[in-house]
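1. What shape does this take:
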Amino acid sequence: VMSKLMDPVISFREVEEIISSDVSFCYAILRTVNSSMFSLPRRVDSIHHALVLLGVNQVRTFAAVMMMASSGDGKPTSLLTTALERAKCCELLAGSGRAEDAMRYFTVGLFSVLDAITDQPMDELLGSLPLSEEVRAAILRLEGRAGLALKATICCERAAFDEMLGSGFDADILQSCYLRALDWAHHLRVRMLESGKQDPAQAT
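-> Below you'll find the model as predicted:
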């Protein structure tokens, strides 16, 4: 399912069908979209409605996050938090304003801990997903602009200030992006936990 969802040429209809096919998963997505995190002017009552209002990329981003959370049962919650923080920081560092760039950088950050969450080799995991060579190189070898964004984000995590200065990103911008990512990840985790408490049967 993750492989299909992250396909770069996936259609609006296919995203809707994938998410809507699982009732508990659909419920979790709608609760997140209707939370104060988005502050939408009216209630979203279907995945179709969510896709129209927020766009395919944003909805499938949250779907991928929730799938990753469900695949990490028994793992420390800090792993998912790290994935969210990296994903958002990398997305913010994309900086081009193009949705496809933001999605690519977000994917790089999100999947950078997939091996730890699933206990599988990273190269095998990435080989099973329809990702570009640019994304694979960024995750496996920290290559390319997206790889530099991931490297810079990891430096922030480790408070490796000397390495941050040599990352190619302005230090003030990097710090601002990282702090924004921490705040975003915290609020998303809270919403996901709240959804879980409201519906004990849901998978995520």
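2. burial measure for I173, as a count.
-> 13 (other Cβ atoms under 10 Å). For every residue, glycine as well, the C-beta is placed using N, CA and C.
3. That one is in what secondary structure piece?
-> For I173, the element it lies in under DSSP states H and E is helix 171-198.
4. Check which helices and strands that helix is in contact with.
-> helix 23-33, helix 56-71, helix 77-94, helix 144-157, helix 161-165 (3 or more Cβ pairs under 8 Å, 6 or more residues apart in numbering; DSSP states H and E).
5. rerun that using 7 Å as the cut-off
-> Where contact means 3 or more Cβ pairs under 7 Å, 6 or more residues apart in numbering; DSSP states H and E, helix 171-198 is packed against helix 23-33, helix 77-94, helix 144-157, helix 161-165.
6. any weak-confidence spans in this protein?
-> Within the chain, the stretches with pLDDT under 70 are 8, 37, 71-74, 96-99, 191-204.
7. And the residue of it positioned farthest from its centre, how far from C155?
-> Relative to the C-alpha centroid of the chain, counting by Cα atoms, centre = their mean, D162 is the outermost residue, at 27.3 Å. Separation of D162 from C155 (Cβ to Cβ, to the nearest Å): 9 Å.
8. Equivalent analysis for V15, please.
-> 34 Å.
9. again with Y105
-> 16 Å.
10. More neighbours: which of those two?
-> Under the criterion of other Cβ under 10 Å, the comparison of Y105 against C155 puts Y105 first, with 28 against 20.
11. can you list contacts of the helix or strand containing the more buried one?
-> Taking DSSP H and E as the criterion, Y105 maps to helix 99-111. Defining contact as Cβ atoms under 7 Å, 6 or more residues apart in numbering, one finds that helix 99-111 is touched by 6, 57, 61, 64-65, 68, 83, 86-87, 89-91, 93-94, 135, 138-139, 146, 149-150, 153.
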